[in-house]
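*Asks:* here are the coordinates; sequence isn't available:
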């Protein structure tokens with residue numbers, strides 16, 4: 001007899017650990033049926049099942065391999081992502097490239113999980129696999145998955161739904177394509193992220209995420225949070241590349257119609273309020289991947305009330321672009337108009353430049369939170385040119401200053417003030433000594449219009465005169481801040 005005409009049939013039943021069963025399937029011809037993500041799975045727990053193989057030797061391409069498995073409290077982990085599904089139970093059936101699971105239950109990201117899987121074979125041999133899932137998610141387990149900062153303040157639990165459709169060609173060599181849709185109203189989950197992403201647990205803010213993939217390029221993601229936050233992103237598919245090829249985040253009522261032409265991520269729109277202090281306070285517990293300057297294309301935003309260093313600036317618009325080792329920032333507003341150069345990394349060889357036609361600080365809009373003072377050793381050199389500077393209503397005129405950085409902190413090599421009623425010049429430092437940070441300021445101010453000087457400094461109009469001089473040599477512990485007035489020591493005459 002010709003063994004090439006033989007048909008080999010195998011049937012076996014077994015109970016095994018899920019981890020061992022997964023490794024067996026990853027090494028079997030069935031592995032492509034589960035998709036590329038299956039290669040990164042590991043597991044533990046009880047699995048019982050039956051394996052049936054129909055293997056025609058002469059027409060081996062017509063083989064049929066069927067696996068029927070019962071999962072009982074299985075734990076599944078991803079090798080490269082901090083995600084784990086526990087207590088997974090239900091029946092799973094695989095026939096060649098078809099996958100079916102009528103009802104799977106378990107826990108994911110701190111909440112309950114229910115899922116079903118069904119595969120349909122089309123007339124042309126293509127396969128469509130549909131995964132429907134729903135459950136709940138807790139804030140803290142979600143944070144590392146979403147790459148959010150450790151002080152994001154996610155808490156509570158919210159319900160979600162998800163749908164995954166995967167289209168696979170009859171030719172296994174053709175990459176799979178599909179769509180993933182996730183949605184939640186986020187009711188029950190709180191966030192302490194900066195505006196507009198902060199929310200209390202009772203508030204409803206619908207979140208929808210749709211990702212389309214074709215296997216050839218990275219996923220295209222469209223997302224919406226509430227009514228006024230939209231995103232359209234073309235992601236890269238290689239982890240060693242910057243994450244965003246092209247994309248836009250728009251703070252606006254309407255979603256962007258198309259991807260930007262320029263590479264990188266672009267941020268546009270208008271915010272009612274924003275806080276630079278809150279943004280700079282965000283902290284991550286691990287490196288955030290590629291540097292921001294490699295994938296942020298630019299920012300064009302207007303803000304109704306913008307908080308910086310505890311002070312508010314109304315009706316501010318800003319333009320940010322990556323430059324030569326530094327961000328180039330243009331600011332225009334009622335009380336601030338000028339240009340900033342902010343180095344990509346602190347400290348470094350690139351100086352910060354503060355060049356403003358107008359910069360008026362009003363009254364503080366938030367109290368000092370009592371956090372640690374900045375470390376002057378971590379700041380870059382700074383060049384300042386403020387042609388119209390006011391602080392808390394006091395008019396200082398035109399200020400120029402140069403700060404040099406050193407191993408102990410910052411040295412104010414020289415500063416000058418030019419006002420219609422007075423001039424001033426001086427020097428100072430902000431250094432870290434054995435007992436902590438200490439500031440020093442030495443200056444001389446001359447006035448040819450004493451009344452004008454008194455009025456500019458909001459000191460009243462009781463004192464007048466043609467000539468006046470103030471000289472000072474002051475020092476105080478801590479950072480250069482308003483509260484330091486109570487810690488001053490030295491000479492003032």
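*Replies:* Here it is on my side, so go on. Quick caveat: nothing in here was measured; it's all calculated off a predicted structure.
*Asks:* Enumerate every residue touching residue 148.
*Replies:* Counting by C-beta atoms under 8 Å, 6 or more residues apart in numbering, residue 148 touches 142, 154, 193. C-beta here means a position set from N, CA and C on the backbone, and glycine is covered the same way.
*Asks:* Just to be sure, it is in a strand?
*Replies:* No: judged by DSSP: H, G, I helix; E, B strand; the rest coil, residue 148 forms no part of a strand; its state is coil.
*Asks:* where do the strands sit along the stretch 1-150 of the chain?
*Replies:* Under the criterion DSSP state E, counting those that start in this stretch, the stretch 1-150 of the chain contains strands at 7-17, 41-56, 64-78, 84-95, 98-108, 111-121, 127-138.
*Asks:* Let's verify residue 455: helix, strand, or coil?
*Replies:* helix.
*Asks:* I'd say it and residue 461 touch.
*Replies:* Yes: counting by C-beta atoms under 8 Å, residue 455 touches residue 461, with 6.2 Å between them.
*Asks:* The two: which is more packed in?
*Replies:* Of the pair residue 455 and residue 461, residue 455 is the one with more neighbours under other C-beta atoms under 10 Å, namely 15 against 9.
*Asks:* what pLDDT does the more buried one get?
*Replies:* Looking at residue 455, its pLDDT reads 87.
*Asks:* so what secondary structure elements neighbour the biggest helix by length in the chain?
*Replies:* Identified as the longest helix of the chain according to DSSP state H is helix 18-26. In terms of contacts (3 or more C-beta pairs under 8 Å, 6 or more residues apart in numbering; DSSP states H and E), helix 18-26 is packed against strand 41-56, strand 64-78.
*Asks:* any idea of the mean pLDDT in the last one?
*Replies:* Read it as strand 64-78. 89.
*Asks:* Please apply the same query to stretch 382-401.
*Replies:* So the average pLDDT for stretch 382-401 ends up being 94.
*Asks:* swap in stretch 330-341?
*Replies:* 96.
*Asks:* Show me what that stretch is in contact with.
*Replies:* With C-beta under 8 Å, 6+ apart, stretch 330-341 has contacts from 306, 313-319, 323, 326-329, 350-362, 386.
*Asks:* list the buried ones in that stretch?
*Replies:* Along stretch 330-341, these residues count as buried under the neighbour rule (16 or more other C-beta atoms under 10 Å): 331, 333, 335, 336, 337, 338, 340, 341.
*Asks:* Quick check: neighbours of the helix or strand that contains the fifth one in the sheet, parallel or antiparallel?
*Replies:* Per DSSP states H and E, residue 337 falls inside strand 336-343. Strand partners for strand 336-343, identified by DSSP bridges, are recorded as strand 326-332 (antiparallel), strand 352-361 (antiparallel).
*Asks:* Give me the distance from the longest one to the chain's centre.
*Replies:* When you say that, I think you mean strand 352-361. 28 Å (C-alpha atoms, centre = their mean, to the nearest Å).
*Asks:* Mind listing what's buried along that strand?
*Replies:* Applying 16+ other C-beta under 10 Å to strand 352-361 flags 352, 353, 354, 356, 358, 359, 360, 361 as buried.
*Asks:* Could you identify the pair within the buried residues of stretch 330-341 that is furthest apart?
*Replies:* Of all pairs drawn from the buried residues of stretch 330-341, the greatest distance, 20.6 Å, lies between 335 and 341 (C-beta to C-beta).
*Asks:* picking that back up, and which of the buried residues of strand 352-361 is nearest residue 119?
*Replies:* Nearest member of these to residue 119, counting by C-beta to C-beta, is residue 352, at 58.0 Å.
*Asks:* contacting residues around the closest one?
*Replies:* Residue 352 sits next to 326, 340, 341, 342, 343, 379, 380, 381, 382, 383 when contact means C-beta under 8 Å, 6+ apart.
*Asks:* and if we set it to 6 Å?
*Replies:* Contact partners of residue 352, counting by C-beta atoms under 6 Å, 6 or more residues apart in numbering, are 342, 380, 382.
*Asks:* partners of it in the sheet?
*Replies:* Beta-bridge partners, per DSSP bridges, of residue 352: residue 382.
*Asks:* Look at it and report its pLDDT.
*Replies:* 94.
*Asks:* can you check residue 369 too?
*Replies:* On pLDDT, residue 369 comes in at 65.
*Asks:* try residue 314
*Replies:* So, for residue 314, pLDDT stands at 93.
*Asks:* Not counting residues beside it along the chain, what's closest to it?
*Replies:* Sequence neighbours aside, residue 334 is the residue nearest to residue 314 in space, at 5.2 Å (criterion: C-beta to C-beta, 6 or more residues apart in numbering).
*Asks:* helix/strand/coil for residue 404?
*Replies:* Per three-state DSSP, residue 404 ends up strand.
*Asks:* In CSV, list the helices and strands packed on helix 18-26 along with distance to residue 168 and mean neighbour count.
*Replies:* Formatted as CSV, the helices and strands packed on helix 18-26 follow (distance: least, C-beta to C-beta, whole Å; neighbours: other C-beta atoms under 10 Å):
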stretch, distance to residue 168, mean neighbour count
strand 41-56, 19, 16
strand 64-78, 16, 18
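*Asks:* mind checking which of the ones you listed is nearest residue 147?
*Replies:* strand 64-78 (14.6 Å).
*Asks:* Which neighbouring elements make contact with the closest one?
*Replies:* strand 41-56, strand 84-95 (3 or more C-beta pairs under 6 Å, 6 or more residues apart in numbering; DSSP states H and E).
*Asks:* Residue 306 against residue 272, yeah?
*Replies:* No: counting by C-beta atoms under 6 Å, residue 306 sits too far from residue 272 to count as a contact (10.4 Å).
*Asks:* Pick out whichever of those two has more residues nearby.
*Replies:* residue 306 (25 against 11).
*Asks:* do you know how far the more buried one is from residue 483?
*Replies:* As judged by C-beta to C-beta, to the nearest Å, residue 306 and residue 483 stand 23 Å apart.
*Asks:* so which of the strands of the stretch 1-150 of the chain comes closest to residue 243?
*Replies:* strand 64-78 (17.9 Å).
*Asks:* from the chain's centre, how far out does the closest one sit?
*Replies:* So, by C-alpha atoms, centre = their mean, the centroid of strand 64-78 is 35 Å from its chain's centroid.
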